[in-house]
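Asker: next come a sequence and a model predicted from it.
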Amino acid sequence: MEEQDAAKPTSERHVPVLKDRCINLLAPGFEAARSRGETPVAIDATLGMGGHSEAMLQRFPDLHLVGIDRDEEALSLAGARLEPFSQRTDLVHAVYDEIEDVLADLGIPEVHGILMDLGVSSLQLDERERGFAYSYDAPLDMRMDTSRGQTAADVVNTYSEEDLVRIIRKWGEEKFAGRIANRIVNARAEKPFATTGELVEQIRSVVPAAAAKSGGHPAKRTFQALRIEVNEELDVLERAVPAAVGATALGGRVVVMSYHSLEDKIVKSVFQKGSKSSAPLGFPVELEEHKPELKTITKGTEVPTAAEIAENPRAASARLRAVERIKPRRDA
């Protein structure tokens, strides 16, 4: 992180992506709770630097917020930012597929809104020493939770060539995965990788210049693949979205922002399944248990406007989906 950025208040270092749109989508869920005489409860499942949470707490004075993040530094920064609301917040060091356990520990049976802002956070991108960015040299780490787990250096230095091809092609959607994996294996035989710059140099040597012109930075897709692998992002997401739906009360909403097609595909699948009748094909009547659990709020994926991108350029690739629970939870 730049020293001048570190000195700034968190609110100045971080502009939340699609803040107003997300909060407007969540608001009816909080109103549904109030109409039943309940205190509205929200989960910010990817707390980051707390921008979305701060905005929710400011707008809804009766809201109780549970903030979850696997990044201990993010929790610390968000905690300072949300200190004025400490009586209405619970901040928890956990991964967002652990929603059920987090709520059980807090004694909260269900919630009325859940927000997930997926991918790498502004904090992680801006802190050079975390190794998420390919634009400057840093230790090859990429862990969202620096207290545990393998690093990106562990992956590139120990995985077989076949496994590297698989993850770079699958998670990075990189058509030059074979060339890149082969180059990594040959280079590490001479000297193990330690920094992002060393990896970028080897990737540049095998990705054609023409491909870089049309597809962005030559290391972009490989870095995405390594980050997903190190943090098990898609495995976590496949568990987290159903967990979020399962924790949401009647009338409550789940809002998810994804940043690449692999994330969006998982979110879309869970939301579509919950929005359809489960009655067997050709069944003469739709029984109560077959009725959809969810109602889709967004038409397909919503994308940011030019004004929203101008406010925060990192919103450019955001894809937004939202659903509302229209059928009581099974254990409600």
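Answerer: Yep, that arrived. Numbers count the residues shown, from 1 in each chain.
Asker: mean confidence score for the top strand by length along the chain?
Answerer: Longest strand of the chain, by residue count under DSSP state E: strand 248-258. Looking at strand 248-258 alone, the average pLDDT works out to 97.
Asker: same deal with stretch 75-89?
Answerer: 96.
Asker: what residues sit buried inside it?
Answerer: Residues of stretch 75-89 classed as buried by neighbour count (16 or more other Cβ atoms under 10 Å): 75, 77, 78, 79, 81, 82, 85, 88, 89. (Each C-beta comes from the backbone N, C-alpha and C, glycine too.)
Asker: same question, stretch 173-185
Answerer: Across stretch 173-185, burial judged by 16+ other Cβ under 10 Å covers 174, 176, 177, 179, 180, 181, 183, 184, 185.
Asker: could you single out the nearest of those to residue 54?
Answerer: Distance to residue 54, by Cβ to Cβ, is smallest for residue 174 among these, at 36.7 Å.
Asker: check whether that closest one sits in a helix, strand or coil.
Answerer: Three-state assignment for residue 174 (DSSP: H, G, I helix; E, B strand; the rest coil): coil.
Asker: show me the two of the buried residues of stretch 75-89 that sit farthest apart.
Answerer: 77 and 88 (18.4 Å).
Asker: tell me the one of the buried residues of stretch 173-185 nearest residue 313?
Answerer: For the buried residues of stretch 173-185, the residue nearest residue 313 by Cβ to Cβ is residue 174; the value is 23.4 Å.
Asker: strands of the stretch 201-332 of the chain, start to end?
Answerer: With DSSP state E, counting those that start in this stretch as the criterion, the stretch 201-332 of the chain has strands at 248-258, 294-296, 319-325.
Asker: closest one to residue 158 among those?
Answerer: Residue 158 sits nearest to strand 248-258 of all those, at 29.4 Å, using Cβ to Cβ.
Asker: tell me which of the buried residues of stretch 75-89 fall in strands.
Answerer: The strands, defined by DSSP E, take in residue 89 from the buried residues of stretch 75-89.
Asker: ok so, going back, how about the strands of the stretch 201-332 of the chain in JSON lines, adding mean neighbour count and distance to residue 159?
Answerer: Shown next, in JSON lines, are the strands of the stretch 201-332 of the chain (neighbours: other Cβ atoms under 10 Å; distance: least, Cβ to Cβ, whole Å):
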{"stretch": "strand 248-258", "mean neighbour count": "25", "distance to residue 159": "26"}
{"stretch": "strand 294-296", "mean neighbour count": "18", "distance to residue 159": "38"}
{"stretch": "strand 319-325", "mean neighbour count": "24", "distance to residue 159": "29"}
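Asker: out of these, which comes closest to residue 63?
Answerer: With respect to residue 63, and counting by Cβ to Cβ, the nearest of these is strand 248-258 at 12.6 Å.
Asker: tell me what that closest one is packed against?
Answerer: Applying 3 or more Cβ pairs under 8 Å, 6 or more residues apart in numbering; DSSP states H and E, one finds that strand 248-258 contacts helix 19-35, strand 111-117, helix 233-247, helix 261-274, strand 319-325.
Asker: can you tell me what sits against the third one?
Answerer: Read that as helix 233-247. Residues outside helix 233-247 that contact it (Cβ atoms under 8 Å, 6 or more residues apart in numbering): 43, 45, 95-100, 103, 110-111, 114, 116, 118-119, 171, 227-228, 254, 256, 262-263, 266-267, 270-271, 274, 293-294, 323, 325, 329.
Asker: would you write a PyMOL line that selects the buried entries of those?
Answerer: With 16+ other Cβ under 10 Å as the criterion, this PyMOL line picks the buried residues out of the contacts of helix 233-247:
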select buried, resi 43+45+95+96+97+98+99+103+110+111+114+116+118+119+171+227+228+254+256+262+263+266+267+270+271+274+293+294+323+325+329
